[in-house]
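**Student:** pasted the sequence and its predicted model underneath.
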Amino acid sequence: MRIHTGDKPYKCDVCGIVFRNFSSLQNHTRTHTDEKPYNCDICGKGFRYSTSLQIHTRTHTGDKPYKCGVCSKGFAQSSNLKIHMKTHTGDKPYKCDVCGKEFSERRGLESHMRIHTGDKPYKCHVCDKTFSDRSSVHRHRRLHLRDKPYKCVQCGTGFSQTKELQRHMRIHTGDISYKCDLCGKELCERGGLERHMRIHTGDKPYKCLVCDKGFNDRSNLHRHKKIHIRDKPYKCVQCGTGFSQTGGLQRHMRIHTGDKPYKCHVCDKVFSDPSSLHRHRKTHTGDN
């Protein structure tokens, strides 16, 4: 009857919000206490609500009960299905005032705007590195925790992100869906094909706001930006030298280890980096 009468007799002692039933008040109270009584049996992660645990469990089982009626693509959450449906309707009511890019949902536009503003409000409490969106900081934290909750059911390899597991699974399934019409290269993801096509077209849509240099993918632009801010977060544990990119640190570490993983297939000479091997090969080909 309270639905009809509007009666809400259960009041939160902390913030004063009122509820129709006691169970709703209990669920709300956990936002203040941070109590997470529902734990995942697989990875141990805790949740405030049983429904949140049910949704999380699907990351382990791969269950996607919400199906698109147009293309049959499956989703773990009904909200993701609703967002997906807009790809068929073409409905993108949220437009960026800076570059004109359109989005199907408001949070997509809000996240995109940080590319222009450089705003990174999400901070890692371990190393103080900042990120433009919440999901990126969650993924980053697993590097510190060495947490790899997503396991391959065929070989047991663990991954810190679901996308990494999905890419890995194609090793077992042999699923390569996207093929370049120009050179025939096959790729596992549509995004990979789009990035690859820029090699042929020369398109560099990602611009540095400092020097206007263009890049064919966002990750290269992010690495380039560190040149301007002189950020060198990757430190050598042996000599303390800092690097702006993990690749630079990896190459540097070979000075200490003596590792030379790049081998010439003509004379078997080995090198510590691919550029040295490439220069060496020209001594065989006569290409100057």
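**Tutor:** Cool, the structure landed.
**Student:** where do the strands sit along the stretch 101-250 of the chain?
**Tutor:** 102-103, 122-123, 130-131, 150-151, 158-159, 178-179, 186-187, 206-207, 214-215, 234-235, 242-243 (DSSP state E, counting those that start in this stretch).
**Student:** tell me which of the ones you listed lies nearest to residue 12.
**Tutor:** strand 122-123 (27.6 Å; Cβ to Cβ). Heads up, the C-betas are built off the backbone N, CA and C, glycines and all.
**Student:** that closest one: partners in the sheet, and parallel or antiparallel?
**Tutor:** According to DSSP bridges, strand 122-123 forms sheet pairs with strand 130-131 (antiparallel).
**Student:** any chance of the strands of the stretch 101-250 of the chain in JSON lines, plus distance to residue 279, mean neighbour count and mean pLDDT?
**Tutor:** Shown next, in JSON lines, are these (distance: least, Cβ to Cβ, whole Å; neighbours: other Cβ atoms under 10 Å; pLDDT from 0 to 100):
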{"stretch": "strand 102-103", "distance to residue 279": "45", "mean neighbour count": "16", "mean pLDDT": "85"}
{"stretch": "strand 122-123", "distance to residue 279": "42", "mean neighbour count": "14", "mean pLDDT": "84"}
{"stretch": "strand 130-131", "distance to residue 279": "37", "mean neighbour count": "16", "mean pLDDT": "84"}
{"stretch": "strand 150-151", "distance to residue 279": "40", "mean neighbour count": "18", "mean pLDDT": "80"}
{"stretch": "strand 158-159", "distance to residue 279": "36", "mean neighbour count": "16", "mean pLDDT": "79"}
{"stretch": "strand 178-179", "distance to residue 279": "32", "mean neighbour count": "14", "mean pLDDT": "78"}
{"stretch": "strand 186-187", "distance to residue 279": "29", "mean neighbour count": "14", "mean pLDDT": "77"}
{"stretch": "strand 206-207", "distance to residue 279": "29", "mean neighbour count": "16", "mean pLDDT": "86"}
{"stretch": "strand 214-215", "distance to residue 279": "24", "mean neighbour count": "16", "mean pLDDT": "87"}
{"stretch": "strand 234-235", "distance to residue 279": "25", "mean neighbour count": "14", "mean pLDDT": "80"}
{"stretch": "strand 242-243", "distance to residue 279": "22", "mean neighbour count": "16", "mean pLDDT": "79"}
